[in-house]
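> Sequence first, predicted model second:
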Amino acid sequence: MRRLSLVPVAALVLFLAGASLAPAQVDREAIEEVLEQVEGIRNLRADPGVPVDYLDQDQLRERMISDFEEENPEEEIRTASEIMVMLGFMEPDLDLYQLYIDLYTEQVAGFYDPEEDRMFLISEDQSMSAMDRYILAHELTHYLQDSNFDLMRPPFHDPDDAAEETDDDASFAATCLVEGDAMITSEEWLTRFLDLSDMREMQQESGEFSTEVLDSAPEYVRDALLFPYEEGLSFVRYIHGKGGYASVDRAFREPPASTEQIYHPQKYLDGEKPVPVELEDMAESLGQGWELAYDNVLGEFDVYELFKPYLDDDEASEAAAGWGGNKYHYYRDGGGERLLVQAYSWDSEGDAEEFIEAFAGYLEGRFGKELAKGEARGAWTTWSAGEYLLALKKDGMRVYLLQSTDEGPLQVAMSGLGEGGEEVEEGLLEKARDDEVEEAKRAIGWIIVAGVAVLLFAGIVLIVIMFILLRRPSTPPGTPPYGGYGGYGPVQPGGTYGPGYGPYVHPPGPPGPYLPVPPPGGMAPGGAPAVPPVAPAAPEGASTEPPAETPEPPAPPGGPQAPPPPGDA
């Protein structure tokens, strides 16, 4: 059965709305110049004659949709959406297929296709900008990767006739390596070959980018699209720090096998691989009409995302960090009933218990008052929650989870996995609820303390003001108001206050916006890192010389004044 990732990928795509990439009028010399620069950074070589096809925006969009549909049939996207709904990653009424189409075409600027060994770029009637060259550097890094390490081999890509297919988590980890390398390489290219004016140009162009579809996507989908760029970059930086690009090259020869290794790069370097977990096919036991619609692996990334909306970020991270391995089966029948079976292996029994505690918090947070404890069956703890029936049991470092829309399949699954194991301590399941209560109490306590502190501070300020007013001497005869204490005179032309004082002006906000981290497409798209902040340019005609010094006004009685703001507005 062909594996469908919950995060479909097609080609090495770069998503940057508003960016026009390498127009048709740019000659081969410009592309070969950037390729030579990237080769120097990565210390890799490739044929300078990379084929390039130029398409307009509509043609590129059509090509993207065609490739996406070929790689991800609509029926398989539907299966993925059913699983994501059961896990709580998305709402049932969301059209996941259309969402991915919209995401993959919202910001496309061009892509490199390792299957065809060709680059597809947008053709416009304009010259190559700094952004174009930066994007080109990122995409040409993918070209170097493919030329030297073959991105059409597992785990980067499974051929149609592969005897053994790469699981989703391992494929996702390989994507992180591909994108992390392209990110760190293109960042270094940016610092070497772009100057300050190029940075300003990129900053202005970044303001045109649209991420409306990405921003509206479910959190799990959004995080999954960004993960290869953000965590992939961190992973590659870590191994690069251990041995430069030579260590990155070794990673392409022996790619990471799980998102656990991406989160914890030292585990990759130490050779800690996922624990194989097996599940028996229960379709026949479930009865007529039932089928095993999909089976794969949920990694540490998925566990973290499962808990993230309902727990503190640190708690979600810690609960996922002990991940050792996983296998899940998704069954359905012709009448719409569904069954999800998950088996986890954890690094220790303590990690297994930490996961169970977090899972109890997840149930409380997701289902709230709909959650009700059911009857135990052997080592199984059961619940009902809305339309679902759930069951959990622990057996050493293994934890099994069941989720069904009907009682019959749940009972069959519990029988198939056996009733043996360790009865989960009631205190472990209740601890999540107790923690929530304690957290709420602490929050209320801090609110009360903060309120009392504010009232005390306000009272002290009021007393000080009254003290000053009562002791303030009357204005000497003949002294104009606001003019007797050195330097503050009537408002001067231009808005200044008295001799040598400029008005207080709020400092400008940080330059931006930063470039959005692009979502992956294909073998993992190319993306652009945040453009380093650039100081805003001086207005045309404005002097760049420092302002002339203004004589300091005499200090008022009672001590010197604070130094005035520099210059006039």
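Thanks, I have it.

> where along the stretch 1-150 of the chain do the helices fall?
Secondary structure of the stretch 1-150 of the chain by DSSP state H, counting those that start in this stretch: the helices cover 28-42, 57-71, 74-87, 96-106, 130-149.

> Relative to the whole chain's centre, how far out is the second one?
Read that as helix 57-71. 25 Å (C-alpha atoms, centre = their mean, to the nearest Å).

> Ok, the third one next?
Shown here is helix 74-87, whose average C-alpha point lies 21 Å from the average C-alpha point of the whole chain (C-alpha atoms, centre = their mean).

> mean confidence for that helix?
Averaged over helix 74-87, pLDDT sits at 94.

> next one: the longest one
Computed over helix 130-149, the mean pLDDT rounds to 93.

> Which positions in it come out as buried?
Residues of helix 130-149 classed as buried: 130-147, 149 (neighbour count, 16 or more other C-beta atoms under 10 Å). C-beta coordinates here come from the backbone N, C-alpha and C atoms, glycine included.

> For it, name the packing helices and strands.
strand 12-15, helix 28-42, strand 108-113, helix 168-193, helix 196-206, helix 219-253 (3 or more C-beta pairs under 8 Å, 6 or more residues apart in numbering; DSSP states H and E).

> Could you say which of the helices of the stretch 1-150 of the chain is packed most deeply?
Burial of the helices of the stretch 1-150 of the chain is given as mean neighbour count (mean count of other C-beta atoms under 10 Å); helix 130-149 ranks first at a mean of 25.

> where does the stretch 1-150 of the chain dip in pLDDT?
Counting by pLDDT under 70, the stretch 1-150 of the chain has low-confidence residues at 1-27, 107-109, 123-127.

> hmm, back to that, mind checking which of the helices of the stretch 1-150 of the chain is nearest residue 159?
With C-beta to C-beta as the measure, helix 57-71 is the member of the helices of the stretch 1-150 of the chain nearest residue 159 (12.9 Å).

> Let me see the residues that make contact with stretch 238-254.
42-44, 145, 148-149, 177, 181, 184, 236, 265-266, 268-269 (C-beta atoms under 8 Å, 6 or more residues apart in numbering).

> Emit the PyMOL select command for whichever of those are buried.
Selection of buried members from the contacts of stretch 238-254 for PyMOL, criterion 16+ other C-beta under 10 Å:
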select buried, resi 42+44+145+149+177+181+184+236+265+268+269
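
> ok, the contacts of stretch 238-254 vs residue 51, which is closest?
Using C-beta to C-beta, the contacts of stretch 238-254 come closest to residue 51 at residue 145, 16.6 Å.

> Could you pull up the residues touching that closest one?
151, 178, 181, 182, 252.

> hmm, which of those residues are the buried ones?
Neighbour counting with 16+ other C-beta under 10 Å marks 151, 178, 181, 182, 252 as buried within those.

> Of the helices of the stretch 1-150 of the chain, give the one that comes closest to residue 336.
Smallest distance to residue 336 across the helices of the stretch 1-150 of the chain (C-beta to C-beta): 9.9 Å, for helix 74-87.

> Give me the helices and strands touching that closest one, please.
Applying 3+ C-beta pairs under 8 Å, 6+ apart, one finds that helix 74-87 contacts helix 96-106, strand 291-296, strand 323-332, strand 338-346.

> Of these, which is nearest residue 416?
Once the helices and strands packed on helix 74-87 are compared by C-beta to C-beta, strand 338-346 is nearest, at 8.6 Å.

> and the closest one, which strands flank it?
Take DSSP bridges as the rule and strand 338-346 pairs in its sheet with strand 323-332 (antiparallel), strand 398-404 (antiparallel).

> could you point out which element follows the shortest one?
Next in sequence after strand 398-404, counting helices and strands by DSSP states H and E, comes helix 407-417.

> CA atoms of that following helix as PDB?
Taking C-alpha atoms only, helix 407-417 is exported to PDB below (Å, rounded to 0.1, in the frame of the first residue of the first chain):
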ATOM      1  CA  GLU A 407     -18.400  -0.200  20.900                       C
ATOM      2  CA  GLY A 408     -18.000  -3.400  18.800                       C
ATOM      3  CA  PRO A 409     -14.700  -2.500  17.100                       C
ATOM      4  CA  LEU A 410     -13.300  -1.200  20.400                       C
ATOM      5  CA  GLN A 411     -14.000  -4.500  22.100                       C
ATOM      6  CA  VAL A 412     -12.400  -6.400  19.100                       C
ATOM      7  CA  ALA A 413      -9.300  -4.300  19.300                       C
ATOM      8  CA  MET A 414      -8.900  -4.700  23.100                       C
ATOM      9  CA  SER A 415      -9.300  -8.500  22.700                       C
ATOM     10  CA  GLY A 416      -6.800  -8.600  19.800                       C
ATOM     11  CA  LEU A 417      -4.200  -6.700  21.800                       C
END
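
> between that helix and strand 338-346, how many degrees?
For helix 407-417 against strand 338-346, the angle by axes from the mean of the first three to the mean of the last three C-alpha atoms, to 10 degrees is 30 degrees.

> Please work out the average pLDDT along helix 407-417.
97.

> What separation is there between residue 315 and residue 363?
14 Å (C-beta to C-beta, to the nearest Å).

> of those two, who's got more company?
Between residue 315 and residue 363, counting by other C-beta atoms under 10 Å, residue 363 is the more crowded of the two (21 against 18).

> for that one, what are its contacts?
Counted by C-beta under 8 Å, 6+ apart, residue 363 has contacts 371, 383, 385, 390.

> Determine which two of those are furthest apart.
371 and 390 (8.8 Å).

> Find residues that contact each of these two.
Contact criterion C-beta under 8 Å, 6+ apart; residues shared by residue 371 and residue 390: 363, 383, 384.

> ok so residue 156 is a helix residue?
No: read with DSSP: H, G, I helix; E, B strand; the rest coil, residue 156 is coil and lies in no helix.

> contacting residues for it?
Going by C-beta under 8 Å, 6+ apart, residue 156 touches 150, 171, 174, 175, 178, 255, 523.

> What is the burial count for residue 308?
18.

> ok, it - contacts?
219, 316.

> let's see 7 Å
The contact partners of residue 308, taken as C-beta atoms under 7 Å, 6 or more residues apart in numbering, are residue 316.

> got the phi/psi numbers for it?
Phi and psi for residue 308, reported as degrees, to the nearest 10, are phi -50, psi -40.

> Would you mind measuring from it to residue 138?
Computed with C-beta to C-beta, the distance linking residue 308 and residue 138 is 29 Å.

> Distance of residue 68 relative to residue 247?
According to C-beta to C-beta, residue 68 stands 34 Å off from residue 247.

> re the thing from before, can you redo the buried ones among the contacts of residue 145 as TSV with distance to residue 201?
Putting the buried ones among the contacts of residue 145 into TSV (distance: C-beta to C-beta, whole Å) gives the following:
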residue	distance to residue 201
151	31
178	28
181	26
182	22
252	33
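
> Let me know the closest of these to residue 99.
residue 178 (23.4 Å).

> pLDDT value on the closest one, please?
98.

> Look up how far residue 304 lies from it.
Distance from residue 178 to residue 304, counting by C-beta to C-beta: 21 Å.

> What about the contacts of residue 363, which are in helices?
Counting by DSSP state H, the contacts of residue 363 place none of their members in helices.

> can you redo these as a markdown table with distance to residue 77 and neighbour count?
Shown next, in a markdown table, are the contacts of residue 363 (distance: C-beta to C-beta, whole Å; neighbours: other C-beta atoms under 10 Å):
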| residue | distance to residue 77 | neighbour count |
| --- | --- | --- |
| 371 | 30 | 17 |
| 383 | 30 | 19 |
| 385 | 26 | 18 |
| 390 | 26 | 20 |
